[in-house]
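> What would the 3D arrangement of this be:
(one chain, ligands or ions: 1)
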Amino acid sequence: MSEDRNRLAEWVDQERERIVAFFRAFIRCKSPNPPGDTAEAAGYIGDFLRREGLAYRIIAPNEKMPNLVAAFEGGNQGKHLTLNGHIDVFPVGDGTGWTKDPWGGELIDGKIYGRGACDMKAGTSASIFTYVFLHRIRERLKGRLTLTAVSDEETFGPWGARYLVEYHPEVLGDCLLNGEPGSPYTIRFGEKGPLWLEFKIRTRGAHGAYTHASESATKLAQRLIADLEAVTLIEPKISGNIARSLEAARESVDKAMGEGAADIVSKVTLNIGIIEGGLKVNMVPFACRFEADIRLPLGVTREQVMAEVNKILARYPQATVEEINFNPPSYCPPDGAMVGFIQKNVQDLRGFKPQPIVSLGGTDARLWRYRDIPAYVYGPFPHGMGSADEHVDLEEFLHIVRVHVLSAYDYLMAH
Ligand SMILES: [Zn+2]
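Sure thing, here's the model as predicted:
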């Protein structure tokens, strides 16, 4: 048994060039979302699996956004672990700010550059090699391993993991491991939930000199936005062990997501992402619209937030609100079996113990948690995520691969 474990670790080292070459070529397969066409990148993964002699299915409710699913049974009874990563990446726009080719997969000074380098072609590559390596020792493995490489993640779209968990429950398993970017110092067991709202304000409008003739839609919006800040004061209700995990992880959270992140993990936040209003400087605006991105921590419900919003809106009969998007916050046990395996492996490999944390942003892992399946995220540091010169440290990438391979093995063999 431990012979297999040693062999797995050796394969990551011996096949290091191959793993890195796969990852860099994966970055070169453009898959920006929007528009979300991942056919080339999914085809690349499929070709690779085929060359490895591994069977897979394509599930493509939208033919431009295929999902790859592969699974095998171990030689003995056990638990079912699912590996999940997404294929699509953020768009690049006109490339402003990039000093490297966003689709080049260049390796410079120990860093691999390109859109998707950290979010999340590194993590998806880790899932793929975990699947490939564990498949080689399948007769001696317990349980079942499923690989899901999905499309349509970056826009919360319906054609990727959301479709799979809804119509192909065989991908759910007993536990999920995902390599979305975070930090080698943290394991994510939960995430905040976004609630996006569109507000519209209508007034009669008037000539800009006739301010007595109409209320101003932009000025009302300004006051309404200031009042909406009240949602950030809603107190979350969380149970003891979650509260203790959050408190214990403060330092790691700041390290992973920047100074100050620990202060807002447990708070409702409000961002006004868009404001549009007015036509001309000398007109009193008759319309203004804005979009609010409200993030709910664990222990705060949409109903609580909307009650507060509606209380405020009652003072603004000129305004209406509509929901654009909502995903509830999600979490699973911060002390689940997988957390222990990742911590032990990172301790052995790097000499520190990653902390279980709740993240500010969202991942597909939430979809498993919504179905009561523990889902954990362990991935690389997000250098340049969603902005210019996105990159991942080469050794950190290989560390993530190693930890995924060994932790997946440990999980399956322990049950
Ligand atoms: Zn991602």
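> backbone phi and psi for residue 327, please?
As for residue 327, its main-chain torsions (degrees, to the nearest 10) stand at phi -130, psi 120.
> contacting residues around the residue lying closest to it once chain neighbours are set aside?
With CB to CB, 6 or more residues apart in numbering as the measure, residue 193 is the residue that lies nearest to residue 327, at 4.9 Å, once sequence neighbours are left out. In this view, the C-beta of every residue, glycine as well, is placed from N, C-alpha and C. Contacts of residue 193 were listed using CB atoms under 8 Å, 6 or more residues apart in numbering, and they are 295, 296, 326, 327, 328, 329, 330, 362, 366.
> just curious, which of those residues is nearest to the ion?
Distance to the ion across the contacts of residue 193 (CB to the ion) is lowest for residue 362, with 8.8 Å.
> pretty sure the closest one is touching residue 194, no?
Yes - with contact taken as CB atoms under 8 Å, residue 362 and residue 194 are classed as touching, separated by 6.3 Å.
> Among the two, which residue is more densely surrounded?
residue 194 (21 against 18; other CB atoms under 10 Å).
> Look up how far residue 44 lies from the more buried one.
From residue 194 over to residue 44 the distance is 31 Å, taken as CB to CB, to the nearest Å.
> rewinding a little: now do the residue nearest to residue 327 against residue 159, distance only.
The spacing between residue 193 and residue 159, counted by CB to CB, is 21 Å.
> and the residue of the stretch 301-415 of the chain found nearest the ion, how many neighbours?
At 6.1 Å from the ion, residue 363 is the closest residue in the stretch 301-415 of the chain, using CB to the ion. Other residues within reach of residue 363 by the criterion other CB under 10 Å amount to 28.
> Tell me the secondary structure at the residue nearest to it when sequence neighbours are not counted.
Distance criterion CB to CB, 6+ apart; nearest residue to residue 363, sequence neighbours excluded, is residue 180 at 4.5 Å. Secondary structure, DSSP: H, G, I helix; E, B strand; the rest coil: residue 180 is coil.
> Kindly provide the distance from residue 180 to the ion.
Shown here: residue 180 relative to the ion, a distance of 5 Å by CB to the ion, to the nearest Å.
> I'd say that residue and residue 365 touch.
Yes - checked against CB under 8 Å, the pair residue 180 and residue 365 is within contact range at 7.2 Å.
> Identify the contacts common to those two.
With contacts defined as CB under 8 Å, 6+ apart, the residues adjacent to both residue 180 and residue 365 are 188, 377.
> Quick check: bridge partners of residue 196?
Under DSSP bridges, the beta-bridge partners of residue 196 are residue 293, residue 325.
> What residues does it make contact with?
By CB under 8 Å, 6+ apart, the residues touching residue 196 are 291, 292, 293, 294, 323, 324, 325, 326.
> I figured the fifth one hits residue 197, correct?
Right, the one you point to is residue 323. Yes - assessed by CB under 8 Å, residue 323 is found in contact with residue 197 at 5.9 Å.
> out of those two, which sits in the more crowded spot?
In terms of neighbours (other CB under 10 Å), residue 197 is the more surrounded of residue 323 and residue 197; the figures are 20 against 11.
> okay, now residue 219: neighbour count?
Neighbours of residue 219 under the rule other CB under 10 Å: 16.
> where's residue 129 relative to residue 237, distance?
Applying CB to CB, the value for residue 129 to residue 237 is 41 Å.
> Skipping adjacent residues, who's closest to residue 396 in space?
Leaving aside its sequence neighbours, residue 396 sits nearest to residue 380 (CB to CB, 6+ apart; 4.9 Å).
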